Every structure is written in structure tokens, then in C-alpha cells.
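# only geometry, no sequence info:
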DNA sequence: TATATGCGCAAGTATTTGCTTGCGCAAATT
DNA sequence: AATTTGCGCAAGCAAATACTTGCGCATATA
């Protein structure tokens, strides 16, 4: 059911994340990718299909070989989703830090008596 | 099988992403969350369990109510993974832009003759 | 031309996922 | 004390997922 295919689901699988890692810098053909994994070549082919279907890669035919070319810009969807929370958790961290530092400045510190 | 539970799988489901959105700013109790969705309360309870198991939220008991408190810092795992590619695709875009601009400067532009 | 290689199609299988329903326990309310 | 509310446990079901195996087509090589 193609309606369920989205980027978040595509990257949920560790094998597909590893594939993205392989093709991020330059296109790689299918069999070369498949050789790096312990599962069958067909299993990798199916993963590539999923990544292609949600736009994370293009497949370019060169003779009998198919080159998989990453479309990393499609990860922007995940990047933006995470970014909104990243700002939330980092600003909260800063608020907490500022609060604790203010507490530290205000709290009286009894002098340690010398022995 | 809990071994498969990770943050990427947790956020793969749109319902769980929506739940995270609901609790991001302040803790919310389980039934209040469940009321916002069309599925059964128990289905939401199961989603909350998944989010709790991978560390995306804590559950705090207050009497008979359970408050779900987001742990957004756990999304750092996704943030970092996406960030490495974000830098790649934005720097590639800049390289392409620079290249095209250079091409534009060098290309001779024939003057348009006046009629 | 014959053989080898690249790789998707299709079918089948086991596992996982997302959901519903019924039940039961603890806490709050009446 | 009785009832209501909050909510997890467990079982069951349908759909989705991840994988394997066998086959066949197109292209490259010998």
C-alpha cells in the first residue's frame, strides 16, 4: 500500500539508513550496495524500491546497471520536524541553566571554617 | 520484540509524531491525549508505551492519572543523523549555485540588435 | 553465438505492527 | 459503601513488513 510510504517510515529501518549512508556522496550500483549486506540481493532491491518511492533516491540506468543516486534534500522533511523540537529542548536546557546559575548566585554560601 | 525499538521506528508512525507534538510543551495525561484521536484509548496507550520504551517520554503518576512528559532530547539521535546529510545537501546546493553563477559570468552574452 | 552478469517480478513465509474488545485494579467522586 | 473514572493487561485479528527463492529479461563479455 503505497499510501503509507513516507520518509519517516523509510528511514525507520536500519538497513535503509545504512543504504542512504552508502550512496550519500556518490551514486552506487545496486549489486555493489547489496554486497555490503548479509541479506539477499533481492531484499536490498526491495529496500531501494521503498527509498525510491518516497523520493530519497533516483535510479539511473547505465546499460544493464542501475545507479542509485541519493536525493538527500528529501530529508528536509525530517530535518524540519526534528528542528522544531531541537529548538525547544535546547532553549529549555538554557533556561534551566540560567535558572540554576541565578539560584547559585543568590544562595548564601556559608564560609568553610578553617581548621 | 523490544530489540527493534528505536527512536527512528518510534517516530515512523504519524500518530506517535502527533502525540509528541501534543506533549512537547507540557505534560498531558493519557486520557486527554486519547481524546484527540479517533482510535481507541488502548491504541493510544500502546503508542505511549512505545514512546516511553525508547525514552521519548516519561510517565509520572499523579493519583490515578498518568502524566506523559516529553523527553525531546532523545530526538538528538535523529537530529544528528539528519544533520550530517543536511550539511551535505546544502553545501552541494551552494556548490551548484556557485558553479552556475560562474558559468553565467563567463558566458558571452550577444547584444540584442535594435530594430 | 553462447555464457555470464545485473537486477526486477512474483510468490511464499515468518514476524511485526496497529488496532479493537473485554476485563480488572487503583484512585477519585458521589 | 457504591459508583465512576483512569488506564494497563491480555488476547485476537487484519494488514504491513522484511526476507528468501526461483525465474526471466536485458546487457556485457568471452
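Alright, I've got the coordinates. Since the model is a prediction, treat every value here as computed from it, not as a measurement.

# so what pLDDT did whatever residue of chain A ends up closest to DNA strand D get?
Taking Cβ to the nearest atom of the strand as the measure, chain A has residue A:63 as its residue closest to DNA strand D, at 2.1 Å. To be clear about C-beta, it is placed using only N, CA and C from the backbone, and glycine gets the same treatment. Residue A:63 carries a pLDDT value of 95.

# what do you get for residue A:114?
Reading off the model, residue A:114 has pLDDT 39.

# pLDDT of the longest helix belonging to chain A, averaged?
Longest helix in chain A, counting residues (DSSP state H): helix A:76-106. Taken as a whole, helix A:76-106 has a mean pLDDT of 84.

# now that helix: buried residues?
Buried residues in helix A:76-106, defined by neighbour count with 16 or more other Cβ atoms under 10 Å in any protein chain shown: A:76, A:78, A:79, A:81, A:82, A:83, A:85, A:86, A:88, A:89.

# give me the distance between residue A:80 and residue B:46.
As judged by Cβ to Cβ, to the nearest Å, residue A:80 and residue B:46 stand 27 Å apart.

# contacts for stretch A:37-56?
A:2, A:5-7, A:9-11, A:13, A:15-16, A:18-20, A:30-31, A:33-34, A:57-59, A:68, A:70-72, A:74-75 (Cβ atoms under 8 Å, 6 or more residues apart in numbering or on different chains).

# for residue A:58, give me phi and psi.
Main-chain torsions, residue A:58, degrees, to the nearest 10: phi -110, psi 150.

# contacting residues for it?
Residue A:58 touches A:52, A:68, A:69, A:71, counting by Cβ under 8 Å, 6+ apart.

# sheet-wise, list the partners of the helix or strand containing residue A:67 with their directions.
Taking DSSP states H and E as the definition, one finds residue A:67 inside strand A:65-70. Strand A:65-70 has these partner strands in its sheet, going by DSSP bridges: strand A:28-29 (antiparallel), strand A:57-62 (antiparallel).

# okay, the ones you listed, which one's buried deepest?
Greatest average neighbour count among the strands paired with strand A:65-70 goes to strand A:28-29 (a mean of 18), per mean count of other Cβ atoms under 10 Å in any protein chain shown.

# say whether DNA strand D is contacted by it.
No - using Cβ under 7 Å from any atom of the strand, we find that strand A:28-29 stays clear of DNA strand D, coming within 11.4 Å at best.

# ok, and what's touching that strand?
Counting by Cβ under 8 Å, 6+ apart, A:22, A:62, A:65, A:66, A:67, A:68 sit against strand A:28-29.

# same thing but at 6 Å, please
A:22, A:65, A:67, A:68 (Cβ atoms under 6 Å, 6 or more residues apart in numbering or on different chains).

# quick check: residues of chain A near chain B?
A:8-9, A:11-12, A:72-73, A:75, A:78-79, A:82, A:85-86, A:88-89 (Cβ under 6 Å from any Cβ of the partner chain).

# could you list which of the residues you listed also contact DNA strand D?
Among the residues of chain A next to chain B, DNA strand D is touched by A:9, A:12 when using Cβ under 7 Å from any atom of the strand.

# neighbours around residue A:7, how many?
Residues lying near residue A:7 (other Cβ atoms under 10 Å in any protein chain shown) number 19.

# domain map for chain A?
Per automatic domain parsing, the domain ranges recorded for chain A read A:2-74, A:75-104.

# kind regards, and thank you for your time.
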